[in-house]
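A.B. asks: starting from these lines, generate the structure:
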Amino acid sequence: MSIPRPASREQKKAAVDWRDIERRMAAAGAAIERGSMPPPDETQRILKARAQALAREPVPEEAADARIEVVEFLLAHERYAVESRYVREVYPLESLTPLPCTPAFVLGIINLRGEVLSVIDIKKFFELPEQGLTDLNKVIVLRSENMLFGILADAISGVHRVPVADIQPSLPTLTDIREAYLRGVMPDRTVILDAEKLLSDANIIVQEQVDG
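C.D. replies: Down below sits the predicted model:
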């Protein structure tokens with residue numbers, strides 16, 4: 001039976017695992033690099049801030065200077081406006097025919113070049129003081145994809161382009177019903193109505209039928 005001899009010094013040198021040494025050196029280098037990095041909590045905060053900054057899209061200069069075109073008019077000595085993209089035309093109040101069995105704010109119907117349109121007196125709808133009809137009264141014909149009717153204006157002030165950034169949320173003097181149809185208020189207190197809400201509100205759409 002042969003007894004194994006102890007390894008000589010030369011044999012021990014030959015048995016060195018160089019791959020293991022390379023792995024340890026690589027691990028040590030990584031540890032040194034980690035030592036120069038911020039703590040994990042700070043790293044997480046920095047990464048989150050970078051992600052938020054990247055997600056925040058820059059506001060184009062033209063968007064910051066955006067404007068909308070509105071038709072301004074008077075109602076009970078107050079200034080109102082609607083976006084012109086919802087206005088088909090402005091027409092003098094002529095040949096108004098009252099309609100029975102309709103809400104009080106339905107002023108009647110007009111014949112506009114062969115087309116019968118209902119006219120809404122939004123002074124009554126908004127519970128504003130009434131002034132009676134005059135030669136200055138105009139019908140602002142509002143339109144959407146599915147609806148078409150006119151709203152009564154005491155007078156037309158003009159068509160203007162207003163900065164979107166100047167439109168404020170509300171005024172404390174507005175009643176609840178007017179605030180529900182509010183697009184915003186200009187610095188000169190002109191109330192911009194939400195024409196889209198007016199055109200889609202079931203409370204304004206006349207569904208009652210006249211008994212035959």
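
A.B. asks: so where's this protein uncertain?
C.D. replies: 1-64, 131-135, 170-178, 205-212 (pLDDT under 70).

A.B. asks: so which residues of it form strands?
C.D. replies: Assigned strands in the chain, in chain order: 67-75, 78-83, 87-92, 106-112, 115-120, 138-143, 148-153, 155-163, 182-185, 191-193 (criterion: DSSP state E).

A.B. asks: which parts of the first one are buried?
C.D. replies: Within strand 67-75, the residues scored as buried using 16 or more other Cβ atoms under 10 Å are 68, 70-75. C-beta here means a position set from N, CA and C on the backbone, and glycine is covered the same way.

A.B. asks: can you redo those residues as JSON lines with distance to F125?
C.D. replies: What follows is these, written out as JSON lines (distance: Cβ to Cβ, whole Å):
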{"residue": "I68", "distance to F125": "23"}
{"residue": "V70", "distance to F125": "20"}
{"residue": "V71", "distance to F125": "18"}
{"residue": "E72", "distance to F125": "19"}
{"residue": "F73", "distance to F125": "15"}
{"residue": "L74", "distance to F125": "16"}
{"residue": "L75", "distance to F125": "10"}
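
A.B. asks: and which of these is nearest V87?
C.D. replies: V71 (5.2 Å; Cβ to Cβ).

A.B. asks: so that closest one versus E83, what's the distance?
C.D. replies: Between V71 and E83 the distance, using Cβ to Cβ, to the nearest Å, works out to 8 Å.

A.B. asks: which residues are in contact with both of these two?
C.D. replies: Residues touching both V71 and E83 by Cβ atoms under 8 Å, 6 or more residues apart in numbering: none at all.

A.B. asks: does R189 touch H77 like I think?
C.D. replies: No: using Cβ atoms under 8 Å, R189 is not in contact with H77, being 11.5 Å away.

A.B. asks: re the thing from before, P98 is nearest to which of the strands of the chain?
C.D. replies: So among the strands of the chain, strand 106-112 is nearest, using Cβ to Cβ, at 4.3 Å.

A.B. asks: tell me the angle of the closest one relative to strand 148-153?
C.D. replies: Angle, strand 106-112 to strand 148-153, by axes from the mean of the first three to the mean of the last three Cα atoms, to 10 degrees: 110 degrees.
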